[in-house]
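1. All I have is the shape, not the residue letters:
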Ligand SMILES: [Zn+2]
């Protein structure tokens, strides 16, 4: 999975395409630099991972290992903040890639949601890190809790991970709408989005870097996954996309500067505010179509047969795999039906 500009986007606004190309070429030169700095003998599993320098203070490891979520790394004098640890299978390679970005310790791991492709690497990343105040009184980390980086997540992530090994559980959870920190010279906001992809999604917003990590609320590869069993809902998903669109700032009036907020989706390529609006509109249109069909008394089978996602299936639809178009429509239907009852 790379964050290159796919063929279907080539007809889009020149400024947006130029942004993507600039980022990729920056990535290319940065990766070459990083590779050049490596000793020839140390063939690491991360050598094939895509590392993008999206801002001088912020890197994205793009979908390591195929199905893993995008991983973000904020870099500064205080150490590293990692957003989404990726899958367990990709963890060793991701950690190696992080070490190539910077030798500083990992200070925080932020989970944008409870899925294994985001939290599977939690334990590896936390164990490689160190609490920021560890050994503040001298002598280094004093106890086991200080020798690992805290894992920050919405409270529900801990609940959903109850059956997975305790080493990967979040160690700092919150149940309110915003958790904020100030590290590496910038404000970091962790913003809870209730009942969207699940009941435990957060955005991680790096305000000076102007990088906004969306988690699985935004997935440019496919229709968004609405996990109704774990508290997700189509209305919450649209509300979350609206908030994402409100937080992001577009590169106006000087479009040619190719600036503006970089929105990093859970999976897929880097986005700008226009991309978020386009995705939000797509999801909203399909929601409206399903809602109209429900109002007309159609059953789930009839709603599916009416193909409410038509016009978008070519870009976002999956005929097979874990998240088919049918499953998406079913989730929208069940979510709306649940609301009515
Ligand atoms: Zn995901």
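-> Perfect, thanks for sending it. Computed from a prediction, not measured in an experiment: that's the story for all the values here.
2. Could you tell me which residues of the stretch 101-250 of the chain lie near the ion?
-> Within the stretch 101-250 of the chain, the positions adjacent to the ion are 115, 117, 216 by Cβ under 5 Å from the ion. For glycine as for every other residue, the C-beta is placed from the backbone atoms N, C-alpha and C.
3. Apply 6 Å and report the result again.
-> Counting by Cβ under 6 Å from the ion, the stretch 101-250 of the chain comes close to the ion at 115, 117-118, 216.
4. taking the residues you listed one by one, which sit in helices?
-> The helices, defined by DSSP state H, take in 117-118 from these.
5. Pick out the most distant pair among the residues of the stretch 101-250 of the chain next to the ion.
-> 117 and 216 (8.7 Å; Cβ to Cβ).
6. which residues do the two both contact?
-> Counting by Cβ atoms under 8 Å, 6 or more residues apart in numbering, the common neighbours of residue 117 and residue 216 are 69, 267.
7. Tell me, how many residues neighbour residue 295?
-> 10 (other Cβ atoms under 10 Å).
8. What of residue 256?
-> 9.
9. Residue 78 now?
-> Neighbours around residue 78, by other Cβ under 10 Å: 17.
10. Hmm, it is touching residue 183, no?
-> Yes: if you go by Cβ atoms under 8 Å, residue 78 and residue 183 touch, sitting 4.8 Å apart.
11. and for these two, which residues touch both?
-> Any residue near both residue 78 and residue 183 by Cβ under 8 Å, 6+ apart counts here, and that gives 107, 132.
12. Do a quick rundown of the strands in the stretch 151-300 of the chain.
-> Assigned by DSSP state E, counting those that start in this stretch, the stretch 151-300 of the chain shows strands spanning 151-154, 172-174, 178-183, 186-193, 201-206, 211-219, 262-267.
13. out of these, nearest to residue 230?
-> Across the strands of the stretch 151-300 of the chain, closest to residue 230 is strand 201-206 (Cβ to Cβ), at 10.1 Å.
14. Does anything pack onto the closest one? Which helices or strands?
-> strand 151-154, strand 186-193, strand 211-219, helix 234-247 (3 or more Cβ pairs under 8 Å, 6 or more residues apart in numbering; DSSP states H and E).
15. can you redo these as TSV with mean neighbour count and mean pLDDT?
-> Below are those laid out as TSV (neighbours: other Cβ atoms under 10 Å; pLDDT from 0 to 100):
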stretch	mean neighbour count	mean pLDDT
strand 151-154	28	98
strand 186-193	20	98
strand 211-219	27	98
helix 234-247	20	98
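16. Give me the residue ranges of the stretch 101-250 of the chain where confidence is low.
-> 134-142 (pLDDT under 70).
17. Pull out the buried residues from the residues of the stretch 101-250 of the chain next to the ion.
-> 115, 117-118, 216 (16 or more other Cβ atoms under 10 Å).
18. Any chance of CSV for those, columns distance to residue 284?
-> Below are these laid out as CSV (distance: Cβ to Cβ, whole Å):
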residue, distance to residue 284
115, 24
117, 26
118, 25
216, 18
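19. Where does residue 334 fall, secondary structure wise?
-> Taking DSSP states H and E as the criterion, residue 334 maps to helix 325-340.
20. buried set for that helix?
-> Neighbour-count burial for helix 325-340 flags 325, 328-336 (criterion: 16+ other Cβ under 10 Å).
21. same question, stretch 222-237
-> 222-228, 230-234, 236-237.
22. Please report how far the residue nearest to residue 161 when sequence neighbours are not counted lies from the ion.
-> Using Cβ to Cβ, 6 or more residues apart in numbering and skipping the chain neighbours, the partner closest in space to residue 161 is residue 169 (5.6 Å). Distance of residue 169 to the ion, computed by Cβ to the ion, to the nearest Å: 18 Å.
23. rewinding a little: which of the helices and strands packed on strand 201-206 sits closest to residue 161?
-> Comparing the helices and strands packed on strand 201-206 by Cβ to Cβ, strand 151-154 comes nearest, at 8.7 Å.
24. just checking, what packs against that closest one?
-> strand 106-110, helix 122-127, strand 172-174, strand 201-206.
25. Span of stretch 151-166 from start to end?
-> Stretch 151-166 has an end-to-end distance of 12 Å (Cα to Cα, to the nearest Å).
26. Please list the residues outside it that contact it.
-> Residues outside stretch 151-166 that contact it (Cβ under 8 Å, 6+ apart) are 108-111, 113-114, 116, 119, 122-123, 125-126, 168-175, 179, 190, 192, 198-202, 230-231.
27. Recalculate using a threshold of 7 Å.
-> 108-111, 113-114, 119, 122-123, 126, 168-175, 179, 190, 192, 198-200, 202, 230-231 (Cβ atoms under 7 Å, 6 or more residues apart in numbering).
28. Same check on stretch 273-285?
-> Stretch 273-285 is contacted from outside by 16, 218, 224, 237-238, 241-242, 244-245, 248-250, 260-261, 263, 312, using Cβ under 7 Å, 6+ apart.
29. what do you get if the cut-off is 8 Å, keeping everything else the same?
-> The contact list for stretch 273-285 (Cβ under 8 Å, 6+ apart) reads 13, 16, 214, 218, 220, 223-224, 234, 237-238, 241-242, 244-245, 248-250, 260-261, 263, 271, 312, 316.
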